[in-house]
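# Structure, please.
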Amino acid sequence: MAPCRREKDHPLASNEHPAASKPYTLYRGERQPRAFVAGLFSLLLPGAGQLYAGSARRGLGMLALAALIGAAVAATWLRDSLWVLGMLVRPNVLIAILAAVFVVFALHLHCVVDAYRLARRRRGRAGRPRGRAGVRATAVALLACALAVPYATAAYYDFRSYDLLVSVFADEEPTDYSPPPQAPAVPAPAETGETEPATEPITEPEAGGNPAPGGETKPARLVEPPERGAYWKERGRVNLLLLGGDAGYDRSGIRTDTMIVVSLDAHDGTGAIFGVPRNLMRVPLPPSAQTDMETFPDILNALWQYADWHPELFPGAKKPGATAVKETIGNLLGLEIDYYALVDLRGFVEMIDAVGGVTVNVTTHVYDAGVSTPFPDEEWIPVDLEPGEHHLDGRLALGYVRTRWATSDYDRMSRQRCLVGALAEQASPGKLLRSFPKLASTIKEYMQTDIPLKALPDLIELLPELKTDRFVVVSFVPPTFTATWENGTPVPDVELIRGTVKEALRARPKLGEETGLATLKGACG
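A predicted model of the protein is given here:
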């Protein structure tokens, strides 16, 4: 016989409903959210974790805010990507972006932690175990670390960009070099230390020339320098001097083996490219040079290093080598060179790789068993390109523009112009933005320039407007542009070169062998 239960043990003895002692649930079989999953959802999409945890109003609000921010960024980029790129090269904007990254990270982290806590509270109300404090702290820390990775990456790239801009580009517009009064003359390279250099001061140039000691007259610049401080876009034209330095692990000093002047018309996107041979002899020195030399007695690619060794040639210049090359080539062409940019061999390779390579149209077979590499312990670069389109990486592009084993200096100048034109034609805002972090690192390490920070946005905006099919190109190579020869090297015909530059900058220049002018499309080798 079963023992009798006491009255108080009977389930109906109490006034409390039997289900009241059980944990609270909305209905039987309801799925309870997991806190870590909720936090992960909000990590991937702010507000998604709140929806998963059952807080629709809060989740939709966070989703709306995230969608608003994303839509604003996307709309700005799609509407005017060039404006976005232009803003990204302004240091003050980069500082503001860095602050915005931290603010958005804090908001996003709040969404993640909030979703995690909502899910925990709901599981607690449902009577599910909520885990130990140590486990909860570890889960939140893992979510926070995962979230921090993309924001830390963005902040790092932002800082690297800022560092690049303030360390490489000039703070202000470069000013024309003006020699101080009574600067001593610089001896020619051939003079020995036993010879006393001339000390007679050089007088300021008159309108028709530059009086030098002995009554001789130096050639004056063909184009009067424009007033500095006005941006090139307001002037309508910008003249850039692009230099390739022959610097490597086994070389000392800088030899400017590549010298190209790019003149751009900001109004219609047309331009001209002038190739200056590295081995020109007796190039006239500019009126601003403080020397009794009429011409530079060595080949032109040695001028940078010579000016560095003799800073008194341009006293007061921040970078004597750059000033000497910029002023001398400008004087040779009859142009005022606005800015220069120098990249050495290693920087050239890494810049081409940073933008994903470059496609060139090779018109003649280019072959070389091996071109020297700028990197130590690397094999030399073999070049074997048949006519046709080729996509070149950095090393092969370097071999393409440097080989002269089976050709000459003047043939490789044609290939250099071809590559510059291809890079300009293939540049796009998206490609520049994707490659910017790597480009920034390369530019900082391997490039020097006097382009001012405030001019960068305008330069970027000009890129897609360039009509490279209407670019005129000319190389001042012998025999056409040679007045005479000295020790087997050409001496330039200055007047013919200046006249040709004038013709190239006309709205409708005359093309053909008579002028030496051609279009960029036919300039590849």
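# how does the protein divide into domains?
Structural domains annotated on the chain: 30-168, 231-525, as defined by automatic domain parsing.
# among those domains, which is the most enclosed?
domain 231-525 (a mean of 19; mean count of other Cβ atoms under 10 Å). C-beta: built from backbone N, CA, C; applies to glycine.
# quick revisit: any chance of the domains of the chain in TSV with mean pLDDT as columns?
Below are these laid out as TSV (pLDDT from 0 to 100):
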stretch	mean pLDDT
domain 30-168	86
domain 231-525	85
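# wait, what's in contact with residue 398?
345, 348, 349, 352, 371, 373, 374, 381 (Cβ atoms under 8 Å, 6 or more residues apart in numbering).
# Show the contacting residues for the last one.
Listed by Cβ under 8 Å, 6+ apart, the contact set of residue 381 reads 368, 370, 371, 372, 373, 395, 396, 398, 399.
# What is the nearest of the residues you listed to residue 44?
residue 395 (39.9 Å; Cβ to Cβ).
# For that closest one, which non-adjacent residue is closest in space?
residue 381 (5.2 Å; Cβ to Cβ, 6 or more residues apart in numbering).
# same deal with residue 485?
Closest to residue 485 by Cβ to Cβ, 6+ apart is residue 491, at 6.5 Å.
# Quick check: that neighbour vs residue 368, distance?
29 Å (Cβ to Cβ, to the nearest Å).
# thought residue 322 was touching residue 303?
No. Here residue 322 lies out of contact with residue 303, judged by Cβ atoms under 8 Å, at a distance of 10.4 Å.
# Bridging across strands, which residues link to the residue nearest to residue 485?
Here residue 491 sits in beta bridges with residue 484, going by DSSP bridges.
# so what's residue 446 closest to, chain neighbours aside?
Closest residue in space to residue 446, ignoring its immediate chain neighbours: residue 347 at 2.4 Å, by Cβ to Cβ, 6+ apart.
# any idea which element the one residue sitting closest to the centre of the chain lies in?
In the chain, the residue lying closest to the centroid (Cα atoms, centre = their mean) is residue 439, at 5.4 Å. According to DSSP states H and E, residue 439 maps onto helix 429-446.
# Give me the contacts around the helix or strand that that helix is followed by.
Sequence order places strand 447-449 as the next helix or strand after helix 429-446, per DSSP H and E. By Cβ under 8 Å, 6+ apart, the surrounding residues in contact with strand 447-449 are 168, 169, 170, 319, 322, 339, 340, 341, 342, 343, 347.
# Can you spell out which helices and strands pack onto the one helix or strand residue 424 maps to?
Per DSSP H and E: residue 424 is located in helix 409-426. The contact analysis (3 or more Cβ pairs under 8 Å, 6 or more residues apart in numbering; DSSP states H and E) places helix 409-426 against strand 256-265, strand 271-275, strand 358-362, helix 394-402, strand 471-475.
# Which stretch among the ones you listed approaches residue 90 most closely?
Taking the helices and strands packed on helix 409-426 one by one with Cβ to Cβ, strand 256-265 is closest: 21.4 Å.
# can you list contacts of the helix holding residue 439?
When contacts are defined by Cβ under 8 Å, 6+ apart, helix 429-446 is touched by residues 81-82, 84-85, 88, 157, 160-161, 163-164, 167-168, 343-344, 346-348, 350-351, 353-356, 460, 463-464.
# can you do 6 Å?
81-82, 85, 157, 160-161, 164, 168, 343-344, 346-347, 350-351, 354-355 (Cβ atoms under 6 Å, 6 or more residues apart in numbering).
# Show me those that map onto helices.
If you go by DSSP state H, the contacts of helix 429-446 have 81-82, 85, 157, 160-161, 164, 168, 346-347, 350-351, 354 in helices.
# and the helix or strand harbouring residue 502 with strand 471-475, angle?
Under the criterion of DSSP H and E, residue 502 resides in helix 494-504. On the basis of axes from the mean of the first three to the mean of the last three Cα atoms, to 10 degrees, helix 494-504 is oriented at 170 degrees to strand 471-475.
# What's the first helix or strand after helix 494-504?
Next along the chain after helix 494-504, taking DSSP H and E as the criterion, comes strand 518-519.
# just how off-centre is that next one within its chain?
Here strand 518-519 is found 27 Å from its chain centre; the criterion is Cα atoms, centre = their mean, to the nearest Å.
# Show me what it is in contact with.
residue 473.
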